[in-house]
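Peer 1: Requesting a structural model of the entry that follows:
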Amino acid sequence: QVQLVESGGGLVQTGGSLSVSCAASGSIFRINAMGWYRQAPGKQRELVATITFLGRTNYADSVKGRFTISRDNAKNTVYLQMRSLKPEDTGVYYCSAGRISYSGSYSNDYWGQGTQVTVSS
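Peer 2: Sure, this is the predicted structure:
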């Protein structure tokens, strides 16, 4: 099992910045990538960004150029820095741990508890 503990999030005005972090522990050998999903009220959970243990990143089109995912391998921690935030970025942000296949597709295996990000207009 892999345990994920998130921190950060909160309330910010449109155009502001916010960051969230996620520390992984346990059977890290089971995963080769981590990422963030988000879920807005009444909508499906969507993948926001992923990063492999080698540092390869991928972003949803809606956040490209505004969000940056990074990781500290020594701390097994992944970070999501969000800037130029918009009201449509509002939602519960979930840390994810899983695997990226040779084809580049990400599959989630473990979830964090979620942290709320609210962008006021």
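Peer 1: element containing the residue nearest the centre of the chain?
Peer 2: Nearest to the mean C-alpha position of the chain, by C-alpha atoms, centre = their mean, lies residue 36 at 2.0 Å. Per DSSP states H and E: residue 36 is located in strand 33-39.
Peer 1: After that strand, which helix or strand is next?
Peer 2: Later in the chain than strand 33-39, the nearest helix or strand by DSSP H and E is strand 46-52.
Peer 1: what does the helix or strand following that following strand rub up against?
Peer 2: Per DSSP H and E, the first helix or strand lying C-terminal to strand 46-52 is strand 57-59. Contacts with strand 57-59, where a contact means C-beta atoms under 8 Å, 6 or more residues apart in numbering, come from 48, 49, 50, 51, 67, 69, 104, 106. Yep, even glycine has a C-beta here, placed from its N, CA and C like the rest.
Peer 1: how about a cut-off of 10 Å?
Peer 2: Residues from elsewhere that reach strand 57-59 (C-beta atoms under 10 Å, 6 or more residues apart in numbering): 33, 35-36, 47-52, 64-71, 100, 104-106.
Peer 1: Strand partners (parallel or antiparallel) of it?
Peer 2: strand 46-52 (antiparallel) (DSSP bridges).
Peer 1: For the strand it pairs with, buried residues please.
Peer 2: 47, 48, 49, 50, 51, 52 (16 or more other C-beta atoms under 10 Å).
Peer 1: give the contact list for the residue nearest to the centre of the chain.
Peer 2: 6, 20, 22, 46-51, 59-60, 63, 67, 69, 78-80, 82, 93-96, 112, 115.
Peer 1: ok, 7 Å please
Peer 2: Residues near residue 36 by C-beta atoms under 7 Å, 6 or more residues apart in numbering: 48, 49, 69, 80, 93, 94, 95, 96.
Peer 1: what's the helix or strand for the third one?
Peer 2: Assessed by DSSP H and E, residue 69 sits inside strand 67-72.
Peer 1: elements contacting that strand?
Peer 2: strand 46-52, strand 77-82 (3 or more C-beta pairs under 7 Å, 6 or more residues apart in numbering; DSSP states H and E).
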